[in-house]
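Trainee: Using only what follows, build the 3D model:
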Amino acid sequence: MKQHFNSKFSIKVEEEICKLYQEGVHNSSKVLSKRFNCNWGTVINILKRHKVKVRNNKESQIRLRLGDKHPNFKGGNISKEGYHRIYADSFGKRRLINEHTHIMQQKMGRPLNPNEVVHHRNGNKLDNRIDNLELMTRKEHIIHHFH
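Mentor: As a prediction, the model looks like this:
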């Protein structure tokens, strides 16, 4: 069994560690160190030796914990107002946002202005198809619903 100098693992095991790290959303260096019963620094050294790009903390958090990347993700959540909310990148910030707002902003290529709202044409707050969404001013929206 071939080994790298100063490594308690065979080349085959080191290659498996690299493969798991690159493939797995849930396979951080710390998770792999527990799985292979070694120090997480050992895993980092193995990755570097095999020229695998090591994720920094921010990359790991984004990859592991947010939105559809989280292992417990079940499609976002519903706000108390009844809108589907998702974690999304929204013009430089990753945050929880109403899905219909995010879809409209992506279509327009800009954030909503403070006086703009996204209206659901059919009244179903969970129907976020682009053809069901309409951009309105706050004034137009109030007139639509209350007059």
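
Trainee: Okay, now the unreliable bits of this structure?
Mentor: Applying pLDDT under 70 to the chain flags residues 1-7, 25-26, 57-76.

Trainee: Run through the bridge partners of Asn98.
Mentor: Arg85 (DSSP bridges).

Trainee: can I assume it is in contact with Ala88?
Mentor: No: the pair Asn98 / Ala88 is not scored as a contact, 9.9 Å apart, by Cβ atoms under 8 Å. Yep, even glycine has a C-beta here, placed from its N, CA and C like the rest.

Trainee: Which segments of the protein make up each domain?
Mentor: 11-65, 87-146 (automatic domain parsing).

Trainee: rewinding a little: please enumerate the shared neighbours of Asn98 and Ala88.
Mentor: Counting by Cβ atoms under 8 Å, 6 or more residues apart in numbering, no residue touches both Asn98 and Ala88.

Trainee: about what we covered before: mean neighbour count and distance to Asn77 for the domains of the chain - can I get that in a markdown table?
Mentor: Shown next, in a markdown table, are those (neighbours: other Cβ atoms under 10 Å; distance: least, Cβ to Cβ, whole Å):
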| stretch | mean neighbour count | distance to Asn77 |
| --- | --- | --- |
| domain 11-65 | 15 | 15 |
| domain 87-146 | 14 | 8 |
